[in-house]
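Participant: model the structure of this input:
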Amino acid sequence: MSNSMQERADQLRERLTAENPEMWDAAVEPEIVGVFTRLESAPTAYGPKWIVVLTLPDGSERSVWLFYESLKSGFLRSQPVPGERIAIRYLGEEPVKNPAPGRKKTFHSYRIAVDRPDQATGPVDWSAALGVPESSPEP
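Facilitator: Residues are numbered from 1 along each chain as shown. Predicted structure coming up:
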């Protein structure tokens with residue numbers, strides 16, 4: 001086995017015995033900022049769940065468990081890639097706008113921001129963003 005393949009095999013073996021990074025507790029610390037390191041799956045009593053691993057400014061890692069729909073939706077919308085800095089804020093429980101009978105009337109609300117300076121300064125495709133055809137009738 002080549003040296004790089006051996007190193008990769010050793011890294012995989014380490015991951016077999018490694019614990020998940022400490023979990024971010026939004027009730028204690030409602031905001032977290034770090035660099036998105038990886039997305040991984042972890043076992044729970046309810047089956048495997050996704051966790052986002054962030055590297056904090058002090059070099060430690062935290063896991064953000066994607067249990068709540070607003071948190072999942074925030075990641076789906078922002079689509080961070082490894083190496084990007086992200087901020088997550090827990091906004092608390094908020095009322096559901098149109099609650100269905102028999103369903104919860106509140107949800108856990110989160111907001112996510114991704115530091116993407118290259119996209120922030122690039123052109124905005126307003127037609128695609130707002131669903132307007134590129135060629136619009138002249139006034």
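
Participant: just the C-alpha atoms of the helix or strand that contains Val53, please, in CSV.
Facilitator: Using DSSP states H and E, the element containing Val53 is strand 49-55. Coordinates of each C-alpha in strand 49-55 appear next as CSV, following Å, rounded to 0.1, in the frame of the first residue of the first chain:
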residue,chain,number,x,y,z
LYS,A,49,-29.1,11.8,11.9
TRP,A,50,-27.0,14.4,10.2
ILE,A,51,-24.5,16.6,12.1
VAL,A,52,-22.6,19.6,10.9
VAL,A,53,-19.1,19.9,12.4
LEU,A,54,-17.8,23.4,12.9
THR,A,55,-14.2,24.4,13.8
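
Participant: dump the residue contacts of the residue nearest to the spatial centre of the chain.
Facilitator: Centroid check for the chain by CA atoms, centre = their mean gives Phe75 as the closest residue, at 4.0 Å. Under the criterion of CB atoms under 8 Å, 6 or more residues apart in numbering, the contact partners of Phe75 comprise 52, 66, 112. The C-beta positions use only the backbone N, C-alpha and C, and glycine is treated the same way.

Participant: if I look at the closest residue to the first one other than its chain neighbours, how far off is Lys105?
Facilitator: Translated: Val52. What sits nearest to Val52 in space, not counting adjacent residues and going by CB to CB, 6 or more residues apart in numbering, is Val64, at 4.4 Å. If you measure Val64 against Lys105 using CB to CB, to the nearest Å, the figure is 25 Å.
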